[in-house]
Every structure is written in structure tokens, then in C-alpha cells.
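Participant: Got a predicted model here, sequence first, then my questions.
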Amino acid sequence: MIKTVDLTKKYGDAFAIRSIDLDLQAGDLFGFIGPNGAGKTTTMRIIATLLEPSWGEAYVCDYSVHTAPKEIRRLVGYMPDFFGVYDDMTVVEYLEFFAAAYRINGVDRRKRVDEMLEIVDLDFKRDAFANTLSRGQTQRLGLARTLLHDPQVLLLDEPLSGLDPRARIEMRNLLRRLGEMGKTVIVSSHILPELADVCNKVGIIDRGELKQNAKVTEVIRMVRQHTVLVIQPGKREQLERISQLLSGHEKVQGCEPGDDAIRVVLKQEVDDYSDLPKLLIENGVDLKRFNEEELDLESAFMALTKGTSTRM
Ligand SMILES: Nc1ncnc2c1ncn2[C@@H]1O[C@H](COP(=O)(O)OP(=O)(O)OP(=O)(O)O)[C@@H](O)[C@H]1O
């Protein structure tokens, strides 16, 4: 559905994006994550045919941005991070105006606008002036506008930014619904956790380069280089004993005692640690908890974009 090969954009000597390869199918919801200035907007604008790449290819449904921009524009809906609404138009008038621009006419136009208002749950605001909507409602209106011509591919630039927690949940539900409708969606954000549970794939871009591009669970696995165990004894006094037993162990790289549990970092190559609980129990440790520490997405993101977090 969307494919890019060696996609590159340079401004002077600086690379805005460098050799981006993407391959997304129908129904894929792709979270495009990166700090400010990483190259998300540039990539999306190239796919939307609003910007020419310096070199490389981008295809939408096998149409190339170089040779078939018109066909691509029919297939793509692009929602920029900031867009204006006209002060003197109601929500319905605003959508009808854009529907007319897409040459949706007659009874179809009103029907289509009503369908869009239903999808983005904005029917109750249909007669309100567009400039009186909240940020979340404005974003939903923008999405309705982007969906008017029933595009197969949606490129949504930071649709969650500036939304309060409730509006975020509503927008995330809406994104899920678009995936269920079989659309291919690229949705950008600079916060990984806010998209991870909605998207089936994520790409992490930093300084124009795609660092990881895979399923969410795989990204976490790739980032984590060492298994970390969290061990909590029944009695706090036993923390010391665990540390003694494991500190010099051939599978253990280091131990970090905490208040009531100890973090044990295993050596990189170790994936079988089944002998460790046995060792502890045989030495009289009463185990309350023994599990692998889960790497949260925030940490995964920080690890991948090391050194650039100050720009976020
Ligand atoms: N017209 C331009 N001329 C020169 N440099 C540009 C231009 N447009 C973008 N850039 C640079 O290209 C890089 C990528 O910008 P881009 O807008 O794609 O990032 P982004 O990931 O969308 O960031 P944000 O989250 O802030 O929107 C940045 O370093 C930016 O300064």
C-alpha cells in the first residue's frame, strides 16, 4: 500500500531524511515516532506528493510520486499538524466546502458529510462555528475533512498533540477504527507510549534516519540488550544474601539492590537463567517475586534516540 525505497531529502548539505525504507499493507497502523525535527513531516509530505524527494522512491498502491502524483492524491488523505478553520463557517459548512472541492455533489455531499460527522463523533456540533471548537474537536473536524474523499491511505501528522487526556483517548479510538476500516494509516508523534497500544507497527526516526521499524514488541526486544531480573525476597534482610550469591555468578553482569527488591542484570548472551531461582532457594532464600523486568516504551525510545531528547 505504501512503500518507500532509499527515500532521501536534502536541504543544502543537511539531510532532512536519509534513506528511509517503509513497507506498509492495508490495515496497517504505523506509528511514526521521533523527536522534533527528526523528519516525520518531511516523509509524510513526500508520500502525499506535496514535496519532492532529492532521490529515492515512494509508492502508494504501486503509483510512484515521481510519475503518478495525481493518482496518489486521490488515494491519500493528509492531515497536517496545524491547519486553519474559517471563522465564519459552521462545522457542516466547512465540510461541505471541502466536499465540493473534492467534487462530491448533490445529495451525496450532504450524505457524505453526515457520515463523516458520525465517524468522528461531531454531529452534536454540526451547527457550531468551526472556530469555537475545542482543540480535540478541531482535530476531529480535520480528520473528517481528511476522510471526505474516502482515501485508502491516511497520513496524520501529530493528531494527538495538544489534546487533553480525554480527547487523546477519543482520538486513539478513532485511529483504531480507521485501521479496522482497512485503511493504511501513518500517524506521527514524538511520544512512543501514546501510540504503541494503537499501532501494530512502529518506526522510530531520529535525525532523518529510521532507527527501528518493526512490530511494537520486536522494537522493545531489539532495544533490550540484557535481560534484567527483578527478585524480591520474602524478608528484606535476605536482599544482602541474594546479592552475595549472584554477584560473582557466571551469568550475572551486576546486581543493583533496591528497597525491597534487587535488579539483576544478566550478561548479554544469557537467555536461560532457570538455575538461578534454584540456587537461591537451595541457599535458603524465600522468593516472593522473581521475574523479568519489562522494558517500558519510554525507555526504549530514549535508548534509541540517545542524545537527542533535549530537542524534544
Ligand atoms: N524548507 C526547509 N528548509 C530547510 N530545512 C528544512 C525545511 N523543512 C524541514 N527542514 C529540516 O528538516 C528536518 C526535518 O524536519 P521535519 O519537519 O520533517 O521534522 P519532524 O520530525 O516533522 O519534526 P516536528 O515533530 O517538529 O514536526 C529538520 O531539521 C528541519 O529543520
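Facilitator: Arrived safely. Numbers count the residues shown, from 1 in each chain.
Participant: only C-alpha atoms for contact and neighbour calcs from this point on.
Facilitator: OK.
Participant: now the strands for the stretch 201-312 of the chain?
Facilitator: 201-206, 209-215, 228-233, 252-257, 262-266, 287-292 (DSSP state E, counting those that start in this stretch).
Participant: so what secondary structure elements neighbour the last one?
Facilitator: Read it as strand 287-292. With contacts taken as 3 or more CA pairs under 8 Å, 6 or more residues apart in numbering; DSSP states H and E, strand 287-292 sits against strand 228-233.
Participant: what about 10 Å?
Facilitator: Contacts defined by 3 or more CA pairs under 10 Å, 6 or more residues apart in numbering; DSSP states H and E place strand 287-292 against strand 228-233, strand 262-266, helix 275-282.
Participant: which helices and strands does the last one pack with?
Facilitator: If contacts are counted by 3+ CA pairs under 10 Å, 6+ apart, helix 275-282 sits against helix 238-247, strand 287-292.
Participant: One more: the second one?
Facilitator: Helices and strands touching strand 262-266, as assessed by 3+ CA pairs under 10 Å, 6+ apart, comprise strand 228-233, helix 238-247, strand 252-257, strand 287-292.
Participant: Find out how far the first one is from the centre of the chain, if you would.
Facilitator: Relative to the mean C-alpha coordinate of its chain, strand 228-233 is positioned 31 Å out (CA atoms, centre = their mean, to the nearest Å).
Participant: re earlier: using TSV, please lay out the helices and strands packed on helix 275-282 together with distance to the ligand, mean neighbour count and mean pLDDT.
Facilitator: Below are those laid out as TSV (distance: least, CA to the nearest ligand atom, whole Å; neighbours: other CA atoms under 10 Å; pLDDT from 0 to 100):
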stretch	distance to the ligand	mean neighbour count	mean pLDDT
helix 238-247	43	16	93
strand 287-292	33	13	92
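Participant: Pull the contacting residues for residue 238.
Facilitator: 232, 244, 260, 261, 284, 285, 286, 287 (CA atoms under 10 Å, 6 or more residues apart in numbering).
Participant: mind checking how far the closest residue to the last one other than its chain neighbours is from residue 273?
Facilitator: The spatially closest residue to residue 287, leaving aside those adjacent along the chain, is residue 233, at 4.5 Å (CA to CA, 6 or more residues apart in numbering). To residue 273, residue 233 is 17 Å away according to CA to CA, to the nearest Å.
Participant: hang on, residue 98 packs against residue 141?
Facilitator: No. The pair residue 98 / residue 141 is not scored as a contact, 11.5 Å apart, by CA atoms under 10 Å.
Participant: hang on, the earlier thing: Throw the helices and strands packed on helix 275-282 into a markdown table and include distance to residue 65, thanks.
Facilitator: Formatted as a markdown table, the helices and strands packed on helix 275-282 follow (distance: least, CA to CA, whole Å):
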| stretch | distance to residue 65 |
| --- | --- |
| helix 238-247 | 58 |
| strand 287-292 | 46 |
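Participant: out of those, nearest to residue 3?
Facilitator: strand 287-292 (36.5 Å; CA to CA).
Participant: What strands line up against the closest one, and which way round?
Facilitator: strand 228-233 (antiparallel) (DSSP bridges).
Participant: Contacts for the strand it pairs with, please.
Facilitator: Under CA under 10 Å, 6+ apart, the answer for strand 228-233 is 238-239, 241-242, 252-267, 273, 277, 280, 285-295.
Participant: thinking again about what came up before, between residue 98 and residue 141, who's got more neighbours?
Facilitator: Neighbour count, other CA atoms under 10 Å: between residue 98 and residue 141, residue 141 has more, with 25 against 17.
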